[in-house]
Structures are given as structure tokens and as C-alpha cells.
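K.L.:
What follows is a predicted protein model with its sequence.
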Amino acid sequence: MSPTATPHIKPDGAPIAETILLPGDPLRAKFIAETFLEDAVQFNSVRNMLGYTGTYRGRELSVMGTGMGIPSIALYSWELIHVFGCTKLVRVGSCGGLTDGLELGDLVLAQAASTDSNYLAQFDLPGTWAPTGSFRLLDHVYRGARERGVTAHAGNVVSSDTFYHAQDDTTRRWASMGVLAVEMETVGLYANAAAAGVEALAVFTVSDNLVTHAQMTPEQRQTGFASMIELAATVTEL
Ligand SMILES: O=P(O)(O)O[C@H]1O[C@H](CO)[C@@H](O)[C@H]1O
Ligand SMILES: O=c1cc[nH]c(=O)[nH]1
């Protein structure tokens, strides 16, 4: 049972599960709850950042939007971990592929997250820290993808503060270091999880490709991510 409320999450007694899926878009959270969860109850509507708890294959699972950008996912994940006791947090997002080998609909599992953000500075480490996802969660989801014949790429992503980049070669330079894809939140989630000693993973569906310029429609972005969501939800088995 959720103990209390925060400035951004007000469950009014509705439960929040230890395992939670985190899409950027709150309407994707609603879609996931309506499509994949049984007996879902809504636990948050503050700022329309919709959150739900139900069961997936008999195990309790929550889903909540995080908004876009590192500050937004950082505050929601901090409250979910430190106030509501979440211990397995799986971002389910869209990403832009940075190599022509990433097709629309492929999955990317973020082994690590690079960034152009200053979020990590607050941890005041004596060097450059590399935020990583939980290997246990990543291994589980990767094996699940292989079993289902879903194409999944595991590697580095870049969590950027910018969707529209001022310099033309920004994404090409990240790609030149082997970074697979660009998105806007994972580094905040991985840093908060590591600092708290809980598990996090980011899984993406490639929604556009910055090399080939292929792109999904907004409708596909909101609802076309079934494989990713089903695979992410299987972490409730761990
Ligand atoms: O689809 P979501 O999870 O929102 O993720 C990606 O999409 C948004 C940009 O359109 C950013 O939040 C980016 O990280
Ligand atoms: O952040 C994102 C997400 C999807 N596609 C992009 O190009 N950037």
C-alpha cells in the first residue's frame, strides 16, 4: 500500500508495485494499463502524469508516464524509488537510431547511457562515471527477445537534453563512438537507480532513424510498441 503523497504523485491509497514500467508519454501509460494489465487501478493523475497498477500474468505491475527529458524522469523516478519503494524500474521508450543497421520497430536495450546533460555533476565523483543498466534485467529481456524472434540490439545510447540539435554533426559524432541510439531520459534513471541501489533498465523501440530518415507516425509511437511492452513486463518474473 502506498504510504503517502509527494508533490507529483498522489495515489490516495492506491497501490504502486515494486516493478514499474516508465514510458515518456502518459497516454502510452494509459494504453499499456488498458491493453496489458488486468484489474488496473489509477494511482496518479497529478499534472496528468497518469499512473496505474494492476497485474501482468498474475504478478503486480505498475506503469506511469515520466514526461520528456532528464529532469522529468529524474524527479518521478526519485519519488517512486525513495517514497513508494519501487525496486525494478523499466523505461519503455522510443529512440532515434544512429546507424543504418537499426530498422523501425527494432528494440534497443540500453547497456549504458552517455549524455550531454549536466545531471551527473551533482554526484561529484572523482572522474567520469559510466551509468549502466541492470545486467540481470537486460539479460532477461534480451533472452526473451531472442526466444520470440524480435530483433534487439544491446549497447550504448545517448540521453540528450536536445531533440533539435544546433550542430548538424552532433548525432554522427556520438555514432562514431559506437552509440546506437538517441533518446532523452535514461541517464537520469540509471543514475538515480545506482545511487539508491535498485535495478533499472531502458528498452526502446526505434521510432525513427537519423541516418535513413525513416520514421513512425505519432499513432505508431503511442500504440505500436507491443513487443517492447510485453518483453519489459516479463521482468515481473524475476
Ligand atoms: O517515447 P518517449 O519515451 O517519450 O522517448 C523519446 O521520445 C521523446 C521525444 O519525442 C523523448 O522523451 C525521447 O526520449
Ligand atoms: O529523443 C529522441 C527520440 C526519438 N527519436 C529521436 O530522434 N530522438
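P.N.:
Ah, there it is. Ligands and ions are numbered 1, 2, ... in the order given.

K.L.:
Now do the contacts for the residue in the chain that ligand 2 sits nearest to.
P.N.:
Residue of the chain nearest ligand 2, by CB to the nearest ligand atom: Gly96 (2.6 Å). To be clear about C-beta, it is placed using only N, CA and C from the backbone, and glycine gets the same treatment. When contacts are counted by CB atoms under 8 Å, 6 or more residues apart in numbering, Gly96 is found next to 171, 181-183, 206-210.

K.L.:
buried set for stretch 147-167?
P.N.:
If you call a residue buried by 16 or more other CB atoms under 10 Å, then stretch 147-167 has these buried ones: 150, 152-154, 156-160.

K.L.:
Of those residues, just say which sits nearest to Leu109.
P.N.:
The nearest member of these to Leu109, counting by CB to CB, is Ala154 at 4.4 Å.

K.L.:
Give the bridge partners for that closest one, please.
P.N.:
Leu109 (DSSP bridges).

K.L.:
Find me the pLDDT at it, would you?
P.N.:
Note on Ala154: pLDDT of 98.

K.L.:
Gly224 now?
P.N.:
Reading off the model, Gly224 has pLDDT 71.

K.L.:
roughly how far apart are it and Val206?
P.N.:
Look at Gly224 and Val206: by CB to CB, to the nearest Å, they are 11 Å apart.

K.L.:
which neighbours do those two share?
P.N.:
Between them, Gly224 and Val206 share the contacting residues Gly105, judged by CB under 8 Å, 6+ apart.

K.L.:
I'm done for today, thanks for sticking with me.
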